[in-house]
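Novice: with the sequence up front, the predicted model follows.
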Amino acid sequence: MAEEELPGVLILDIGGTHGVLENLAALLKKHFCLITMKEFLENKKEMSKKIQSVFVFECRPTIDQELLESLPNLKVIGNSGAGVDHLDLKMISNFGVKVTNTPHAVADPTADIGVALMLASARRLVEGNVLNFSGS
């Protein structure tokens, strides 16, 4: 499938402080034509017709009424986190747009890290590691 046939997805940016991680952007490019917020703002008239989805990464881009009104072909907002508190679901649904999220995607890894930190604390692993490398 050619890139111009792929549905457009709006993202804040690729890389940088708040942009989509580069390896995640590579995955998205297999299924979507990526349009950054900068590209969208520079050519709203043309880009707004191409965008069918918005990928929200770390609560960005901000989904507000102005953005929704400027995206007539928007079908879905994909949120890359567990919560959707930062999204006005009622307003979004008034535009006929669906919202998805990944509520259980990081549940097991988060639990694993929590248990590891508790064990490290109980066994004083950090202190032992510091003593081991300090030569004391």
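Specialist: Yep, that arrived. Computed from a predicted model, the values in this text were never measured in an experiment.
Novice: how many neighbours does residue 132 have?
Specialist: For residue 132, the tally of surrounding residues (other CB atoms under 10 Å) stands at 9. Quick note: C-beta positions are derived from backbone N, CA and C, even for glycine.
Novice: try residue 55
Specialist: For residue 55, the neighbour count with other CB under 10 Å is 21.
Novice: need the contact list for it.
Specialist: By CB atoms under 8 Å, 6 or more residues apart in numbering, residue 55 lies in contact with 9, 10, 11, 20, 28, 78, 80.
Novice: name the nearest of the residues you listed relative to residue 45.
Specialist: residue 10 (14.7 Å; CB to CB).
Novice: confirm the closest one sits in a helix?
Specialist: No. According to DSSP: H, G, I helix; E, B strand; the rest coil, residue 10 belongs to no helix; its state is strand.
Novice: how far away is it from residue 84?
Specialist: 17 Å (CB to CB, to the nearest Å).
Novice: quick one: the strands in this structure?
Specialist: With DSSP state E, the ranges of strands along the chain come out as 8-11, 33-36, 51-56, 76-79, 98-100.
Novice: what lies in contact with the fourth one?
Specialist: To tie it back to what came earlier, the one meant is strand 76-79. Strand 76-79 is contacted by residues 9, 52-56, 63, 87, 92, 97-102 when judged by CB under 8 Å, 6+ apart.
Novice: need the max-distance pair from the contacts of residue 55.
Specialist: Pairwise distances across the contacts of residue 55 (CB to CB) peak at 13.4 Å, for the pair 10 and 80.
Novice: hang on, residue 91 packs against residue 65?
Specialist: Yes. With contact defined as CB atoms under 8 Å, residue 91 reaches residue 65; the gap is 6.2 Å.
Novice: residue 10 and residue 80: which has the busier surroundings?
Specialist: Between residue 10 and residue 80, residue 10 has the larger neighbour count (other CB under 10 Å), namely 26 against 16.
Novice: how about the contacts made by that one?
Specialist: Contacts of residue 10 (CB under 8 Å, 6+ apart): 35, 36, 37, 40, 51, 53, 54, 55, 61, 71.
Novice: isn't residue 51 right up against residue 37?
Specialist: No. Assessed by CB under 8 Å, residue 51 is found out of contact with residue 37, at 10.7 Å.
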